[in-house]
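[1] Give me a 3D structure for the following:
(one chain, ligands or ions: 1)
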Amino acid sequence: MKFFIDTANLAQIKEAHDLGILDGVTTNPSLMAKEGIKGEDAVMQHYLTICELVDGDVSAEVLSTSVDEIIEEGKKLAAIHPNIVVKVPMIKDGVKALKWFSDNGIKTNCTLVFSAGQAILAAKAGANYVSPFIGRIDDSNWDGVELIKQIAQIYKIQGYKTEILSASIRSPLHIVKCAEAGSDVITSPLEPILGLLKHPLTDLGLAKFLEDAKKMRTELATAK
Ligand code: E4P
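    The predicted model follows:
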């Protein structure tokens, strides 16, 4: 399973990249706004900076909602860097644009997906990635991980090539459950990724190993 980081924050992208496990980045208009990236030029420059930091797919979301405008905007985004993946919302014109991008060799990520039916449409339209938002599904009293399992089963039966990119991750457990459910990729904020590292028995075990090794060294030094 590939690991993407879901942020536009350069320090966090760098921290995940330095861990050596990062395969890509996803952003969205809210995440760009959170970093104070305003205006088309600044946004384009920020995407380029991210692409230069991480050698992997970088999702850049369109703001247009009509097919012709989505295509024009997507072409501009794709021209920034070969690793840009155009992120397109799951709406009727988005599906039409996904098909156009697929026919014209531009990589896409179909975003704002909340049902298996939407995931089937994204795959039929040739999206490279489909992004079900599991945290937001959990928030609305459904089970996000169940949706990942359902999509994984459908894609396997139907032989769809679209990769399942589990998004809206809120916890380390979400990441583990997505791996178990057959997700191809997760995109997560930094905290849940770092949360995977933690176990109290690891900390206690390491403290004991280091203490015993120190005792041994002291005993050796005293014996000399
Ligand atoms: C996906 O690509 C989105 O950027 C993201 O995962 C949305 O997550 P949120 O529900 O935490 O905003």
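[2] What is the longest helix of this protein by residue count?
    Assignment by DSSP state H gives helix 200-223 as the longest helix of the chain.
[3] quick check, distance from it to the centre of its chain.
    40 Å (C-alpha atoms, centre = their mean, to the nearest Å).
[4] do stretch 127-146 as well
    13 Å.
[5] Name the residues of the longest helix of the chain that are buried.
    For helix 200-223, a neighbour-count test (16 or more other C-beta atoms under 10 Å) marks nothing as buried. Quick note: C-beta positions are derived from backbone N, CA and C, even for glycine.
[6] outside of stretch 47-63, which residues touch it?
    Applying C-beta atoms under 8 Å, 6 or more residues apart in numbering, the external contacts of stretch 47-63 come out as 2, 4, 8, 10, 13-14, 17, 22-29, 69-70, 73-74, 77, 80-81, 83-89, 97, 107, 109, 111, 129, 187.
[7] next one: stretch 13-21
    So stretch 13-21 is contacted by 3, 5, 7, 22, 25, 50, 53-54, 190, 193 (C-beta under 8 Å, 6+ apart).
[8] What about those, which are in strands?
    Mapping the contacts of stretch 13-21 onto strands (DSSP state E) picks out 3, 5, 25.
[9] Could you give the number of residues near the last one?
    I take that to be V25. If you count neighbours by other C-beta atoms under 10 Å, V25 ends up with 28.
[10] cool, and the second one?
    Other residues near I5 come to 29 when the count uses other C-beta under 10 Å.
[11] tell me the contacts of it?
    Neighbours of I5 in contact, by C-beta under 8 Å, 6+ apart: 12-13, 16, 22, 24-26, 187-190, 193.
[12] which SS class is I106?
    coil (DSSP: H, G, I helix; E, B strand; the rest coil).
[13] these two touch, right, it and V88?
    No. Assessed by C-beta atoms under 8 Å, I106 is found out of contact with V88, at 10.1 Å.
[14] More neighbours: those two, which one.
    V88 (29 against 20).
[15] Angles on the backbone of the most centrally placed residue in the chain, please.
    Geometric centre of the chain, nearest residue: T187, 2.2 Å, by C-alpha atoms, centre = their mean. Main-chain torsions, T187, degrees, to the nearest 10: phi -120, psi 130.
[16] How many residues are close by E35?
    15.
[17] now swap in the one 4 residues further on and tell me
    Neighbour count for G39, taken as other C-beta under 10 Å: 8.
[18] ok, now how distant is it from H46?
    Going from G39 to H46 by C-beta to C-beta, to the nearest Å gives 10 Å.
[19] Kindly report the same for Q150.
    With C-beta to C-beta as the criterion, Q150 and H46 are 35 Å apart.
[20] how about the helices in the chain?
    With DSSP H as the criterion, the chain has helices at 10-18, 29-34, 40-53, 67-78, 92-103, 116-124, 134-139, 144-158, 172-181, 190-195, 200-223.
[21] The ligand contacts on this structure?
    Contact residues, the chain versus the ligand (C-beta under 6 Å from any ligand atom): 6, 26, 28, 111, 131, 133, 135-136, 167-168, 187.
[22] List only buried entries from the residues you listed.
    When the residues of the chain next to the ligand are checked against 16+ other C-beta under 10 Å, the ones flagged as buried are 6, 26, 28, 111, 131, 133, 135, 167-168, 187.
[23] to the chain's geometric centre, what's the distance from stretch 181-190?
    Using C-alpha atoms, centre = their mean, the offset of stretch 181-190 from its chain centre is 6 Å.
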